[in-house]
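Novice: for reference, the sequence and a predicted model appear below.
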Amino acid sequence: MQAPADNGPDSEAADEADAEAMRRLAAGDPDALGELYVRHRRLVATVVLGMAPGFARGELEDVIQDVFLALRDTARRYREQGRFRGWLVVIAGRIAHRRLRGDTVHRRALCRYGEELPKPGPAAAAEAGAAPDLRLDVCRLLDELPPIQRRLLLLFEVEGLSGEELAEAFDLPPNTVWSHLRRARTAMRRALAADDEPEVPR
Amino acid sequence: MNCGKLEVYLERRLSELERHQFRRHADGCPECREAVERHAAQAALLRSFVEDRLDSTPEPERLRALRERSARRRTRAPRRWVWGAAAAALLAAGLAAVLVVRTQGTASRSVAPQREAPPPALGLAWISPSGEAGPSRAPEVGRTIAAPTAVPVRLQAGPARIGLEPEGRLGLERADAERLSLRLDHGAVVLDVTPSGAGPRVEVRAGEHRVSVVGTRFRVSRSDDGGVRVEVDRGTVRVDGPFAEGRLVRAGRSLAVAGARSSEAPLTPSDRARILALLEGDTVAPAAAAPAVPQATIVVTPDAPPLAAAPGEVVALAPEVAGEPPAAAVPAGPVRDRTPAAPFDPEALRERLLAGETGPVTETLAAHLARQPRDAEAWWLMAAARRRGRDPSGERAAYERLIDVGSPADANRARFLAAVVSQDRLGDAAAAADHLTTYLALPAAQQTHGVEARLRLARAWITLGRTAQAASLLRALVEEERGQEPAEEAARLLGEIEGTPAP
């Protein structure tokens, strides 16, 4: 049985390393940006995909790098309160929002038709451990969740952010976070269960 | 009794001891066990969804790109609009192909690429005039390939088909599974790169410009005075040079840069023919002028003597490279079939669209839709083709057709997208408002983007001067979506209308 992901006891040490990197970044050390990028690239990707799950691979990296480049400009304003990851979620969300603008809706709508996703070959499918169609369904499924649930669910399950971190980052009461997460989980379970049933072709 | 702890267990809210106790319980409780396993599968699915979207370019390469961009922004005034334009173009086109030309300024040169174990070498094969690729060999870096007078040279290197124009000179700087790096010293080169997520990055350096490619078809030429011309037949090109930072050159366009001057023009049929001819085997120069057995010369720089070989024959570019068996090289791909498929095949069209063949796909679709005007799937493809062809009016027209011919779900979605295109790309608030009003009159369950539609309608009304209506819609949104993102946006818009700053 697999245990749910956990923040682990080393999260404090990780925070200290991040805070240190932010100090160096503010002081103009170019290597600090690379360090943060390596550690938190997937977190930023998760934030962006939470906002627009229809993003294709080649374009996502560009937005991720934009977020990190903008991070350099905000490094001076960084205050070491709470966890770095929560702060990064807020900042990345803001930057990505500016960067995506009205396109988020459009891209999410596109997600339903899968036309922006190159059909993955058998090798790519084997690599990801899931059938290509199933992954497309994840995109549609996320698309149909209310935006806030989608963003919370991805950060909670993919990046292992805690409910408290999410509550702080999204400025929500903790109980609201939990009820959003429960609803998202239920919706996902239902959708995946429905997928097992034979489907009427479109 | 422990079943009640399932939710909090999944939410990672139990102490170490409680977690342990719950796991022991779940081992003997089929329901909990199944729920935990199902949840793990869900989480894995979400993780692979995110990881699958991450670029698979090796980390050192990505880091280098980030550092270069960072250094460039540090040393120059930020050119936000450039990134914005690039982003918009990429987002709008959903390109499989991205092409970046970067300056070789001091900023980027200060960053040395981080290298670990060398990636496997890429095979390089000559292509005979009949279009057959010879066996591939590991190429030797540092050699220069020179095309003879009146005869082009064609090569296949991994995913890239290379055509070097007569009298062109091309240096081989790097050729391995990560990067195929060419240096254009003279003349012109055409590249046709098959889009591939995992293939090597392909780049051409021409003087101060660098062109890197993921999957596109284009020609780069340089003149003796340092000018560079880029012609794009497929995909989109981004050119960065000392005086042309972030210029986007789209399929069907060409950009000429000479010093501080630059000019963009449509690609003429003869430009296109020249690109295709060099790749497809029609001789560019009059065939009669070519010698019976055309000679391609391999000039070895700096001190080795030149070699000569006939095209079609494998030239041992790396006879002395030890420990790199040719078998490890990537085999040269077959010549791509460019004949149009006759029967209507939506999947094939989708693939071709992704490969950047916007123009031909649009034509095929138009012909098909003239015969079968009620084919909803073809209309969806048409909308995608129009979007890639940067034709928002055409895209909206396709959506509007779908409203008539599609299933109710298709029609809904199309109506929403027609409104989005009207508002964002055509600046047509009246049409957007019309579509959105109809969309919002549907039963709520059919509105997959209800909240966004209301926000958009409010914006359209503000544009049309119907602020009172917009304000009441926004107030309702602020109330209903309290604590969520749309409410913030609604409050901001409301603040704009009422002249008070948003909280």
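Specialist: Arrived safely. This structure is a prediction, so every number in the text was calculated from the model and none was measured.
Novice: so where's the longest helix in chain B?
Specialist: helix B:30-53 (DSSP state H).
Novice: list the buried residues in the next helix or strand after it.
Specialist: Per DSSP states H and E, the first helix or strand lying C-terminal to helix B:30-53 is helix B:59-75. Within helix B:59-75, the residues scored as buried using 16 or more other CB atoms under 10 Å in any protein chain shown are B:62, B:63, B:64, B:65, B:66, B:67, B:68, B:69, B:70, B:71, B:72, B:73. Placement of C-beta: from N, CA and C, glycine included.
Novice: cool, stretch B:168-177 as well?
Specialist: B:168, B:169, B:170, B:171, B:172, B:173, B:174, B:175, B:176, B:177.
Novice: need those in CSV (columns: distance to residue A:146 and secondary structure).
Specialist: Supplementary listing: the buried residues of stretch B:168-177 in CSV, determined by distance: CB to CB, whole Å; DSSP: H, G, I helix; E, B strand; the rest coil:
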residue, distance to residue A:146, secondary structure
B:168, 57, coil
B:169, 59, strand
B:170, 54, strand
B:171, 55, strand
B:172, 54, strand
B:173, 51, strand
B:174, 48, strand
B:175, 50, strand
B:176, 47, strand
B:177, 43, coil
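Novice: just the residues you listed now: which is nearest chain A?
Specialist: Nearest to chain A, judged by CB to the nearest CB, of these is residue B:177 at 14.7 Å.
Novice: surely that closest one touches residue B:159?
Specialist: No. Between residue B:177 and residue B:159 no contact is recorded; they are 10.7 Å apart, counting by CB atoms under 8 Å.
Novice: closest one of the buried residues of stretch B:168-177 to residue A:30?
Specialist: Distance ranking of the buried residues of stretch B:168-177 against residue A:30, using CB to CB, places residue B:174 first at 24.2 Å.
Novice: does that closest one touch residue B:181 like I think?
Specialist: Yes. With contacts counted by CB under 8 Å, residue B:174 reaches residue B:181, the gap being 3.9 Å.
Novice: turn the buried residues of stretch B:168-177 into CSV, columns for distance to residue A:22 and pLDDT.
Specialist: Converted to CSV, the buried residues of stretch B:168-177 look like this (distance: CB to CB, whole Å; pLDDT from 0 to 100):
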residue, distance to residue A:22, pLDDT
B:168, 49, 82
B:169, 48, 84
B:170, 45, 84
B:171, 42, 82
B:172, 42, 80
B:173, 37, 79
B:174, 35, 79
B:175, 40, 78
B:176, 36, 77
B:177, 35, 73
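Novice: same list (those) but as TSV, adding distance to chain A.
Specialist: As requested, those are exported to TSV (distance: CB to the nearest CB, whole Å):
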residue	distance to chain A
B:168	29
B:169	31
B:170	26
B:171	28
B:172	26
B:173	24
B:174	21
B:175	23
B:176	20
B:177	15
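Novice: what is the burial count for residue B:364?
Specialist: 23 (other CB atoms under 10 Å in any protein chain shown).
Novice: quick one, phi/psi of it?
Specialist: phi -60, psi -40 (degrees, to the nearest 10).
Novice: which non-adjacent residue is nearest it?
Specialist: Spatial nearest neighbour of residue B:364, chain neighbours left out: residue B:349 (6.4 Å); criterion: CB to CB, 6 or more residues apart in numbering or on different chains.
Novice: mind checking the SS state of residue B:144?
Specialist: Three-state call for residue B:144 (DSSP: H, G, I helix; E, B strand; the rest coil): strand.
Novice: any stretches of the stretch 351-500 of chain B with poor pLDDT?
Specialist: B:351, B:354-355, B:444-448, B:500 (pLDDT under 70).
Novice: contact residues of it facing chain A?
Specialist: B:351, B:353-354, B:380-381, B:384, B:413, B:416-417, B:420, B:423-424, B:448-449, B:451-452, B:456, B:483-486 (CB under 8 Å from any CB of the partner chain).
Novice: buried among the residues you listed? Make that a ChimeraX selection.
Specialist: To isolate the buried ones among those in ChimeraX, judged by 16+ other CB under 10 Å, type:
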select /B:353,354,380,381,384,413,416,417,420,423,424,448,449,451,452,456,484,485,486
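Novice: tell me where the stretch 51-200 of chain B has strands.
Specialist: In the stretch 51-200 of chain B, the strands defined using DSSP state E, counting those that start in this stretch lie at B:99-103, B:124-126, B:143-146, B:153-157, B:160-164, B:169-175, B:179-193.
Novice: helices or strands up against the fifth one?
Specialist: In this case it means strand B:160-164. With contacts taken as 3 or more CB pairs under 8 Å, 6 or more residues apart in numbering or on different chains; DSSP states H and E, strand B:160-164 sits against strand B:153-157, strand B:179-193, helix B:269-280.
Novice: out of these, deepest packed?
Specialist: For the helices and strands packed on strand B:160-164, the largest average neighbour count (mean count of other CB atoms under 10 Å in any protein chain shown) is found in strand B:153-157, namely a mean of 25.
Novice: ok so residue A:50 is a helix residue?
Specialist: Yes. Counting by three-state DSSP, residue A:50 is found in a helix.
Novice: burial of it, as a residue count?
Specialist: If we define neighbours as other CB under 10 Å, then residue A:50 has 25 of them.
Novice: same thing with the one 5 residues further on?
Specialist: By other CB under 10 Å, the residues close to residue A:55 number 28.
Novice: so for residue B:322, what's the pLDDT?
Specialist: Residue B:322 carries a pLDDT value of 28.
Novice: one more: residue B:111?
Specialist: pLDDT, read off for residue B:111, is 33.
Novice: can you check residue B:315 too?
Specialist: 35.
Novice: go on, residue A:41?
Specialist: So, for residue A:41, pLDDT stands at 94.
Novice: next up, identify which helix or strand it is on.
Specialist: Going by DSSP H and E, residue A:41 is in helix A:30-51.
Novice: now that helix: buried residues?
Specialist: For helix A:30-51, by 16+ other CB under 10 Å, it's A:30, A:32-37, A:39-41, A:43-51.
Novice: could you do stretch A:87-96 as well?
Specialist: A:87, A:88, A:89, A:91, A:92, A:93, A:95, A:96.
Novice: contacts for the helix or strand where residue B:382 lies, please.
Specialist: For residue B:382, the host element (DSSP H and E) is helix B:376-388. Helix B:376-388 is touched from outside by A:113, A:115, B:92-94, B:344, B:346, B:349-350, B:353, B:356, B:358, B:361-362, B:365-366, B:368-369, B:372, B:392, B:394-395, B:397-399, B:401-402, B:405-407, B:410, B:414, B:417, with contacts defined as CB atoms under 8 Å, 6 or more residues apart in numbering or on different chains.
Novice: could the buried residues of helix B:59-75 go into JSON lines alongside distance to residue B:219?
Specialist: Below are those laid out as JSON lines (distance: CB to CB, whole Å):
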{"residue": "B:62", "distance to residue B:219": "28"}
{"residue": "B:63", "distance to residue B:219": "31"}
{"residue": "B:64", "distance to residue B:219": "27"}
{"residue": "B:65", "distance to residue B:219": "24"}
{"residue": "B:66", "distance to residue B:219": "29"}
{"residue": "B:67", "distance to residue B:219": "30"}
{"residue": "B:68", "distance to residue B:219": "25"}
{"residue": "B:69", "distance to residue B:219": "26"}
{"residue": "B:70", "distance to residue B:219": "31"}
{"residue": "B:71", "distance to residue B:219": "30"}
{"residue": "B:72", "distance to residue B:219": "26"}
{"residue": "B:73", "distance to residue B:219": "30"}
